[in-house]
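[1] Predicted model and sequence below, questions to follow.
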Amino acid sequence: MKKAFFCLGLVLTTLSAAAQETAEQKAARMQWFSDAKLGIFIHYGIYAVNGIGESWSFHNGQISYENYMKQLNGFTAKKYDPVAWADLIAGSGAKYTVITSKHHDGVALYDTKMNDLNVVKKTPAKRDLLTPFYKAIRDKGLKAGLYFSLLDWSHPDYPNFLRDKKRYDNDSLRWNKYLMFLNGQLDEIATRFNPDLWWFDGDWEFGAEQWKAKQIREKLLNNNPNTIINSRLQGYGDYDTPENGVPVYRPASPWWELCMTMNDSWGYQPTDNNYKTPNQVIRIFADCIGLGGNLLLDIGPKEDGTIPDEQVAILKKLGRWTSKHSEAIYGTVAGVPREWFAGPSTLSKDRKKLYLFIDSKPIGQVVVKGMPNKVVSAWVVGKGNPLNFNVMMKPWWSSNPGLLYIDVPEDLLDEQVTVICLSLETPVLEQFVK
Ligand code: FHN
């Protein structure tokens, strides 16, 4: 009982720095995230043993719970090399990563003290997989995020189990026991890993009141005033998380991140070969940053800790492209309206450099329509070659900005997406930034 009061005390942390944050303070807290642009999501778990759907496969009845959990016996992590993972992630150009600490199946990737359902106690891997990964990621200077499922379909005090089978309805004692368990895990993760970013999931099964979402937020920000929380905390998060659907228009939130699978699966599923091509991934990435967002690109390692070849290949191709075009990517803001340029674009923070992403082979010159800012010079990003340009249809007596034509010789085109930079005499006005 004593323990119960202590834990609830932790949950019900009151007055906090988090609650009093100003818009400027929030913008400062979110700055690294805004600048980072690319993150790598990792769904690593026992579902990789059979190569089936993470958690959902038992919840939806494709496999029995008992057989799903038999995968614990086959989860070896025997070739797990967190330093190699960190190298690959950093090489892709990602500036942060988000790894599953626990998916909806309740199996923790670290040695939680709150129950026995973790890879240390229940699998041949027999070790905490998060600590060495966090070290490797932080050694590389990357930000470290953790995915955590609020719902836990395995926990005996969690109301929901299978799609058509509940454990209970309206039992506040059991629910409070679950909340103590949940908060116990959050406390140990906060203490041991101190994530730069909390990526919650599974909030849809209950409302903010029931989760005590406000208290969770306050607790995590009191623990680390610089941490960031994704949107999936029933209204108490910091940024939006559209999933597997590229926004066409800029989302309402100033901070957002598209989370996206490389094929159609989050975890390792060998039968799913519906991979996006590197070109598609790069173009989607350009769309995201052009609309002021980030891309959180998912990989699903095999049970032994190796990353499927197709996924490695995509990360490497992405890495070549991000490294060549880094000035147009990191630390930029959303670009100019599509009426000006028919493709994604970004702007430097001072809005005096406009980066145009040319994602197909131009027939003739590249055109920018209606931009009032005078161009001082233009070049190919990553190569530096100066480009010729001229303005047409701008009579001296007219305020019409005219048409800006830029020559982009074919031999300067990138094999994926070419980026050109226009250096402007004056900043693009904020009202024009998409
Ligand atoms: O149910 C999960 C799913 O398995 C996966 O983890 C994704 C990643 O964003 N989130 C949930 C669905 O929104």
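    Perfect, thanks for sending it. Residues are numbered from 1 along each chain as shown.
[2] ok, the residue in the stretch 301-434 of the chain that the ligand sits nearest to - contacts?
    Per CB to the nearest ligand atom, Pro301 is where the stretch 301-434 of the chain lies closest to the ligand, at 14.3 Å. Just so you know, the C-beta spots here come from the backbone N, C-alpha and C atoms, and that holds for glycine as well. Applying CB atoms under 8 Å, 6 or more residues apart in numbering, we find Pro301 in contact with Ile42, Tyr44, Ala48, Trp85, Tyr268, Ile307, Pro308.
[3] How about the contacts made by the residue nearest to Lys324 when sequence neighbours are not counted?
    Spatial nearest neighbour of Lys324, chain neighbours left out: Gly382 (3.6 Å); criterion: CB to CB, 6 or more residues apart in numbering. Shown in contact with Gly382 (CB under 8 Å, 6+ apart): Lys324, His325, Asp414, Val419.
[4] same check, this time on Glu410
    Neighbours of Glu410 in contact, by CB under 8 Å, 6+ apart: Lys361.
[5] Roughly how far does it sit from Ile420?
    14 Å (CB to CB, to the nearest Å).
[6] same question, Gly305
    Distance of Gly305 to Ile420, given as CB to CB: 41 Å.
[7] now swap in Pro251 and tell me
    26 Å.
[8] Ala286 now?
    Taken as CB to CB, the span from Ala286 to Ile420 is 13 Å.
[9] Check Ile289 too.
    Distance from Ile289 to Ile420, by CB to CB: 15 Å.
[10] what are the phi and psi angles of Asp411?
    Backbone geometry at Asp411, expressed as degrees, to the nearest 10, gives phi -70, psi -10.
[11] most surrounded residue in the contacts of Pro301?
    Tyr44 (30 neighbours; other CB atoms under 10 Å).
[12] picking up where we left off before, more neighbours: which of Ala286 and Ile420?
    Ala286 (27 against 23).
[13] Which is the succeeding secondary structure element to the helix or strand harbouring Ile89?
    Assessed by DSSP states H and E, Ile89 sits inside helix 82-91. Once the chain leaves helix 82-91, the next helix or strand it forms, by DSSP H and E, is strand 96-102.
[14] packing partners for that next one?
    helix 23-36, strand 38-42, helix 130-139, strand 143-149, helix 172-193, strand 197-201 (3 or more CB pairs under 8 Å, 6 or more residues apart in numbering; DSSP states H and E).
[15] How far does it sit from its chain's centre?
    Taking CA atoms, centre = their mean, to the nearest Å, the mean C-alpha location of strand 96-102 is offset from the chain mean by 9 Å.
[16] can it be found next to the ligand?
    No - judged by CB under 6 Å from any ligand atom, strand 96-102 stays clear of the ligand, getting no closer than 7.3 Å.
[17] Next, the angle strand 197-201 makes with that strand.
    Inter-element angle recorded for strand 96-102 and strand 197-201: 50 degrees (by axes from the mean of the first three to the mean of the last three CA atoms, to 10 degrees).
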